[in-house]
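Student: Below: sequence and its predicted model.
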Amino acid sequence: MSALNDPPVTSAAILRFLRVALHVGFAILLAVAAARLLAVHLDGTERYVLLGLAVLLAAVYLVGTVAEKRFSTGRAARNPRRHAYLWLALVTVLWAALMVGSAEFSWLAFPLFFLHLHLLPRWAGNAMVIIMTAGVIAAQWLASGAAFPPLAAVLGPLFGAGFAVVTSKAYRMLYQEGENQRRAADELRRTRAELSASQHEAGVLAERARLAGEIHDTLAQGFSSIVLVARAAGRSLASGDLGTARESLAMVEATASENLAEARSFVRGLSSPALEGTSLVQSLARLCEKTQLEAAARGVNLNCTFRADGDPVDLPQPYRVTLLRAAQASLANVWLHAKAGTAVVSLAYLDTEVTLDVYDDGRGFDPSSLAAAVAGRADGSGFGLESLRQRVAAQNGSLEIESAPGEGTVVAIRLPLAATTAATNDNEGAA
């Protein structure tokens, strides 16, 4: 059971194990050869020379392996690879000198085979393996004192060389696989980073578009109303009609207060204050009253009425916000552009959908030319319709606009209702 929880063995881990095994094997073989050298009866000077060469070989080998390890782990900035050929030549020369002095050091050829096959080009590595194998056979033959090379002295080095060549090939394959995995991992990390950045940017743009729609449907329209009503108040003051001026200033104050509440709700990330503690039906009814009062404060005779049909149901908060914003945007267009005398807001709860229709008897327009007309506005107005379309589409609803010059306009919105939701009554319209 514990094996199932072990981390997966990667090619990099296998390569690391093989490198450590190679270095440990070299150290053990060198130590064994030096120990056996002490047990052989040699001239004192020759023995000390060989032992000195053995210590020098160990030091050179250790310096090279430590330098490579430090560079691979990032603790050294200079790549020792450029000195690899010089290091390998020095190690090989020291080994050859030791093998000439004592055949005990001939067995060091086996770990050296791997070094040559790894560091040198393939043809050079194979050539050095052949030369070194011949040298080992010759050293073993001379040490045996036989007239012909003993069979073991020939087969041992040959099998060792063949094993080294095959193992080195497997090592290269593992190394290439490890490099491929590393490149794939780097590419995957880069792709994930790009995807994360793209998703972040998309989220920022989506939030920016959402805030733009909220600001247009609330603050921008409120400020527009304040400007127009303030102008009407100025005209009333100029004509001496103080009563009308006071009413207009009160409307300015009320609209400014509503805008301030909306702005604070944006900061807190909450829904519209117009929907807090009240029903959608009540909010739409108050919106119609407010629109009519604002029009009157500007001297426009606009009769705005609201009606609700069907049994109110409990709507999701996104639905309520979408319908309220749709009514705000549509009525803003009515008293800003339509020059209408009558506006009707109708909310209907049907079996499969909830509908909102905003009708006015204003001057109307040609819907086919609406996009070009909006795009040509230098002041950036006309964003409300596009924002409204996006709001409705986000709730899987539909938006239709019916109008003609001189025949008024109807904005019709349809939002789908689940069958279970349609059967649930709400007390929204009880008041």
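Tutor: Done, it's in.

Student: which residues touch stretch 341-350?
Tutor: Contacts to stretch 341-350, defined as CB atoms under 8 Å, 6 or more residues apart in numbering, come from residues 280-281, 284, 287-288, 291, 301-313, 323, 327, 330-331, 334-335, 354-362, 417, 422. All C-beta spots, glycine's among them, are computed from the backbone N, C-alpha and C.

Student: List only buried entries from those.
Tutor: 280-281, 284, 287-288, 291, 302, 304, 306, 308, 312-313, 323, 327, 330-331, 334-335, 354-362, 417, 422 (16 or more other CB atoms under 10 Å).

Student: and the next element down the chain from whichever strand or helix holds L284?
Tutor: Using DSSP states H and E, L284 sits in helix 280-297. Counting by DSSP H and E, the next helix or strand C-terminal to helix 280-297 is strand 303-309.

Student: which neighbours does that next one have in its sheet, and in what orientation?
Tutor: Partner strands and pairing direction for strand 303-309 (DSSP bridges) are strand 342-349 (parallel).

Student: Quick one: mean pLDDT over the partner strand.
Tutor: Here strand 342-349 scores 92 as its mean pLDDT.

Student: where along the chain do the helices fall?
Tutor: Using DSSP state H, the helices of the chain run over 11-39, 44-72, 84-101, 109-119, 122-144, 151-215, 221-239, 242-268, 280-297, 317-333, 370-375, 383-394, 419-422.

Student: would you list these in a markdown table and tack on distance to L347 and mean pLDDT?
Tutor: Compiled in a markdown table, the helices of the chain are given as follows (distance: least, CB to CB, whole Å; pLDDT from 0 to 100):
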| stretch | distance to L347 | mean pLDDT |
| --- | --- | --- |
| helix 11-39 | 66 | 77 |
| helix 44-72 | 72 | 82 |
| helix 84-101 | 82 | 88 |
| helix 109-119 | 80 | 84 |
| helix 122-144 | 82 | 86 |
| helix 151-215 | 21 | 78 |
| helix 221-239 | 20 | 78 |
| helix 242-268 | 21 | 74 |
| helix 280-297 | 6 | 85 |
| helix 317-333 | 7 | 85 |
| helix 370-375 | 24 | 52 |
| helix 383-394 | 15 | 77 |
| helix 419-422 | 15 | 42 |
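
Student: any idea how far L57 is from L29?
Tutor: 11 Å (CB to CB, to the nearest Å).

Student: How about S224?
Tutor: To L57, S224 is 90 Å away according to CB to CB.

Student: More neighbours: which of the two?
Tutor: L57 (23 against 15; other CB atoms under 10 Å).

Student: For the residue nearest to that one when sequence neighbours are not counted, which residues are in contact?
Tutor: In space, and not counting its chain neighbours, L57 is closest to L94: 4.2 Å by CB to CB, 6 or more residues apart in numbering. For L94, the contact set (CB under 8 Å, 6+ apart) comprises 53, 56-57, 60.

Student: Most neighbours among those residues, which one is it?
Tutor: Neighbour max across these (other CB under 10 Å) = L57, 23 neighbours.

Student: separation between that residue and Q395?
Tutor: Taken as CB to CB, the span from L57 to Q395 is 80 Å.

Student: what does V63 give?
Tutor: 72 Å.

Student: okay, the two: which has more neighbours?
Tutor: For V63 versus Q395, neighbours defined as other CB under 10 Å are more numerous around Q395 (17 against 13).

Student: Surely that one and Q317 touch.
Tutor: No: counting by CB atoms under 8 Å, Q395 stays clear of Q317, with 11.0 Å between them.

Student: Is there a neighbour count for T65? I'd like the number.
Tutor: Other residues close to T65 by other CB under 10 Å number 18.

Student: how near is the nearest residue to it once chain neighbours are set aside to R16?
Tutor: Nearest residue to T65, sequence neighbours excluded (CB to CB, 6+ apart): H23, at 5.6 Å. Using CB to CB, one gets 11 Å for the distance from H23 to R16.

Student: and if you look at N301?
Tutor: N301 is 88 Å from R16, by CB to CB.

Student: same question, R183
Tutor: Counting by CB to CB - R183 and R16 are separated by 18 Å.

Student: Counting neighbours, go ahead and name the busier of the two.
Tutor: Taking neighbours as other CB under 10 Å, R183 and R16 compare with R16 leading, 13 against 10.

Student: does the residue nearest to T65 really touch V66, like I thought?
Tutor: No: look at H23 against V66 with CB under 8 Å: they stay out of range, at 10.0 Å.

Student: So these two - more neighbours on which side?
Tutor: H23 (15 against 12).

Student: got a pLDDT number for the residue of the chain positioned farthest from its centre?
Tutor: Here the chain reaches farthest from its C-alpha mean at A147, the gap being 74.7 Å by CA atoms, centre = their mean. Looking at A147, its pLDDT reads 76.

Student: What sits closest to V392 if chain neighbours are left out?
Tutor: Among residues not flanking V392 along the chain, L399 sits closest, at 4.6 Å (CB to CB, 6+ apart).

Student: Contact partners for that neighbour?
Tutor: 388-389, 392-393, 411-413.

Student: okay, now P121: neighbour count?
Tutor: P121: 9 neighbours (other CB under 10 Å).

Student: can you give me phi and psi for it?
Tutor: phi -60, psi 160 (degrees, to the nearest 10).

Student: before we move on, the earlier item: with V93 as the reference, measure out to the residue nearest to T65.
Tutor: From H23 over to V93 (counting by CB to CB), the distance is 19 Å.

Student: do M128 as well
Tutor: Separation of M128 from V93 (CB to CB) stands at 12 Å.
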